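Colleague: Sequence isn't available, so here's the structure alone:
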DNA sequence: CTGTTAGCGCTTTCAA
DNA sequence: TTGAAAGCGCTAACAG
């Protein structure tokens, strides 16, 4: 392997000068720059990032921690963030974690190894934050989860109001004449997001003086097509009176719709379905999904802006709520 | 930050002994092991991977390079591979690249930095391999692309026969009475996979003595819903006689179907559509997608096995073709 | 503008 | 079974 030393020897300059050229510093003579760049190209030299990061105390890096590989909303947000970061002098490090991983622990390790200037959490479990986020001192933003109540000075948040949004979804179903409503959602004890959305549902039921029986009308599932399909099938057996279903993600809604069709129910003629997230696919599905659209571009934009403000102007961490949109789609019918 | 030195000092042992414990070596006394592990836990010590990899000459690591973040087939394959690697003593490093990035250059850097024992390429451009794969000497497997003709001794491949599969798709359309067939696919000059699939199409047309005019019947698009939607719309204007469309990926097929519906065409009544890949979503879509299913689990399994054989038994790189399956679905109608 | 020098945190001989 | 010491490749003072 060719190292910086080899380049120094071959170019006739010292390692420090080579290092300077490599890092685009301007205190190098054009001649040195030219010569060194030639040698670098000739030897196809690639610097070793381990050594670089081991030594470097800071780097113009933003780390993005994405929780859940198959979360299509996050995929859309990450793409948008990358596009934004590319235009700046910063570099993005993207780390994908399993839904179950501890994102805060991972973040600590990343801080330790890559010394980023800021952190962006796509999804996160408040419990993990309570436990050890205090070990993180750099500016951070929690995206799609509200973080105000956590009370960390360096943790901002940009999120949709999950409670209000879920309430809106159920309102919409009720406005359309539905009274027997099923819910397909995550594990309320383990997923904070699911718990929030569940609370929104309950609020709507209460407001409309409807009773809701989780035992017969809540289908717990992971956020995947397959598991939502299973949950919907079970729900159908437990409660034959259902006329509408709220799924806590669009992916779940699609799994549920497939289950309904396979059981001979038409959507929306027999049973209505409304999803959550507003991923690109929702518009491409048949029927077009009724859904609560999280404005992913705005979520991405504001998160980055708030992070940059914290980093560059040492502004305080703020907690911003991004408005959601109800998308009517074609999957909800009037009763 | 707490380093290995701190642990050494606090535990009363030397850094080398701590290092041994950290790496689960057996030449340490139980007493030392116990004491050091206690201190590590107490201080919440996390080793710095930069330093570790900088020094370590090999690691039980397999690197997976994934080309295209939003490729749903790859997502399925990666998940399967991770599941397999978890059961072994190896660790996976997964790197997501843009569709346009040079995966071989990235791989060289990763070898240099992480010293993996093997490489798995999900998708790849043969041109990049011809250019500099010779710089890579560790066992590697090219997944979903055939690599036999590249002729590298350390590069195996596990792939679907794209030519035969695409030919099969067109055959199926023709068998169902279609003669005016459109294609929505990638850039044949830049995407080797697209070129292969295109060749399969042409073979089928020739075999059936049909003429195909790319100018009026080929819609070039990126592998996304949106771009395929656009391409299908244009195709519809250029050629009103189309009765069927072959899309080079399921994502493209879905984009095309949406475009058709928005132009008032029913699928499959007015126009039939067949996709490619057989992603999970294909089964959940309405209509269920007719598609060429790549057996992603088998692709993942054989790739890993072949790589392991190369690494552990120094077996030669083999080139394996995984059979595809035609899934009838509901999106192709008989004319 | 350039070179010398001292580490970053860890692994790995080599001796003891 | 343990410890001392020599770097891995690079950056960042500091001095020239």
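Modeller: Nice, I can see it. This one's a predicted model, so the numbers in the text were calculated from it and none came from an experiment.

Colleague: Quick one: residues contacting whichever residue of the stretch 101-250 of chain A sits closest to DNA strand D.
Modeller: Residue nearest to DNA strand D within the stretch 101-250 of chain A (C-beta to the nearest atom of the strand): residue A:115, separated by 9.6 Å. Backbone N, C-alpha and C define where each C-beta goes, glycine included. Residues near residue A:115 by C-beta atoms under 8 Å, 6 or more residues apart in numbering or on different chains: A:53, A:56, A:57, A:58, A:59, A:61.

Colleague: For chain A, just list every one of the strands.
Modeller: Per DSSP state E, chain A carries strands over the ranges A:61-67, A:91-97, A:118-122, A:140-143, A:155-160, A:181-185, A:218-220, A:244-247, A:272-277, A:290-293, A:319-322, A:325-327.

Colleague: Is the closest residue to residue A:119 other than its chain neighbours bridged to anything, and to what?
Modeller: Spatial nearest neighbour of residue A:119, excluding adjacent residues (C-beta to C-beta, 6 or more residues apart in numbering or on different chains): residue A:140 at 4.0 Å. Beta bridges link residue A:140 to residue A:119, residue A:155, judged by DSSP bridges.

Colleague: wait, residue A:140 sits on residue A:117?
Modeller: No - with contact defined as C-beta atoms under 8 Å, residue A:140 and residue A:117 do not form a contacting pair (10.6 Å).

Colleague: more crowded one of these two?
Modeller: Neighbours per residue (other C-beta atoms under 10 Å in any protein chain shown) separate residue A:140 from residue A:117, with residue A:140 holding more: 29 against 19.

Colleague: mind checking how far the more buried one is from residue B:258?
Modeller: 38 Å (C-beta to C-beta, to the nearest Å).

Colleague: Repeat that for residue A:313.
Modeller: For residue A:313 relative to residue B:258 (C-beta to C-beta), the value is 44 Å.

Colleague: higher neighbour count, the two?
Modeller: residue B:258 (23 against 8).

Colleague: Help me confirm that the more buried one comes into contact with residue B:230.
Modeller: No - contact between residue B:258 and residue B:230 fails when scored by C-beta under 8 Å: they sit 10.8 Å apart.

Colleague: Could you list the buried residues of stretch A:293-309?
Modeller: A:293-294, A:296, A:299-304, A:306-309 (16 or more other C-beta atoms under 10 Å in any protein chain shown).

Colleague: Around DNA strand D, pick out the residues from chain A.
Modeller: A:1, A:3-5, A:15-16, A:19, A:22-23, A:47-48, A:51-52, A:54-58 (C-beta under 7 Å from any atom of the strand).

Colleague: Among those residues, name the buried ones.
Modeller: Buried among the residues of chain A next to DNA strand D (16+ other C-beta under 10 Å): A:3, A:4, A:19, A:22, A:47, A:48, A:51, A:52, A:54.

Colleague: Rebuild these as a markdown table, extending it with distance to residue A:214 and pLDDT.
Modeller: Formatted as a markdown table, these follow (distance: C-beta to C-beta, whole Å; pLDDT from 0 to 100):
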| residue | distance to residue A:214 | pLDDT |
| --- | --- | --- |
| A:3 | 62 | 91 |
| A:4 | 62 | 91 |
| A:19 | 62 | 92 |
| A:22 | 60 | 90 |
| A:47 | 56 | 89 |
| A:48 | 55 | 89 |
| A:51 | 55 | 91 |
| A:52 | 53 | 90 |
| A:54 | 52 | 88 |
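
Colleague: what about stretch A:119-129, start to end distance?
Modeller: 13 Å (C-alpha to C-alpha, to the nearest Å).

Colleague: rewinding a little: how close does the residue of the stretch 101-250 of chain A closest to DNA strand D get to residue A:133?
Modeller: Counting by C-beta to C-beta - residue A:115 and residue A:133 are separated by 18 Å.

Colleague: still on that earlier bit, what touches both of residue B:258 and residue B:230?
Modeller: With C-beta under 8 Å, 6+ apart as the test, residue B:258 and residue B:230 reach no residue in common.
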